[in-house]
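Engineer: coords below, sequence missing:
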């Protein structure tokens, strides 16, 4: 009887209130999401996809190559760590390359010269949400390493604009990655399979 009196459309919310990055950081510090693989994107808590073997291998291989090449003095290098994108987003790219860390910094890095996402099940999010977010905030270069077919294909995004990256180049076996702001050359064929 009560069911017929209550129309659930009358009590649906009119919208949602996005979470601010500072609120998210405070909740993380208090342990609110302990053990939950999430990141903040556009004010929403988004579940991160579990890493398969190839995903983990590619991200770690690239990170270790950068560490061996540059040590810890030319760039700040991070692997699957938070990046302060803006007031409503704190993604965790697979590889972060930024200017050297400033002494006494009290938050995660907020400037990057290169961000890398290794993609399989998260490819739609990485192509649409993160590509636009990284371009909007002016990250000069973004790599999406597509491993959906087993053989890595790298989409290199450059020339950021508020509407997305103006240039996208696809690299495959036989091609060489040459980032604009990081003096290194990486053979696509060397990426783990």
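Structural biologist: Sure thing, it's come through. Because the structure is a prediction, the values reported are computed rather than measured.
Engineer: in the protein, what spans have low per-residue confidence?
Structural biologist: The model of the chain has pLDDT under 70 over residues 1-14.
Engineer: any idea which helix is longest in it?
Structural biologist: helix 53-70 (DSSP state H).
Engineer: buried residues in that one?
Structural biologist: Buried residues in helix 53-70, counting neighbours by 16 or more other C-beta atoms under 10 Å, are found at 54-55, 57-63, 66, 70. For glycine as for every other residue, the C-beta is placed from the backbone atoms N, C-alpha and C.
Engineer: and what of stretch 95-113?
Structural biologist: In terms of neighbour count (16+ other C-beta under 10 Å), stretch 95-113 has its buried residues at 95-98, 108-109, 112-113.
Engineer: Same list (the residues you listed) but as TSV, adding secondary structure and distance to residue 139.
Structural biologist: Shown next, in TSV, are those (DSSP: H, G, I helix; E, B strand; the rest coil; distance: C-beta to C-beta, whole Å):
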residue	secondary structure	distance to residue 139
95	strand	12
96	strand	10
97	strand	10
98	strand	9
108	coil	14
109	coil	11
112	coil	5
113	coil	8
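Engineer: Could you report the neighbour count for the residue nearest to residue 168 when sequence neighbours are not counted?
Structural biologist: Nearest residue to residue 168, sequence neighbours excluded (C-beta to C-beta, 6 or more residues apart in numbering): residue 157, at 5.2 Å. Using other C-beta atoms under 10 Å, residue 157 has 23 other residues around it.
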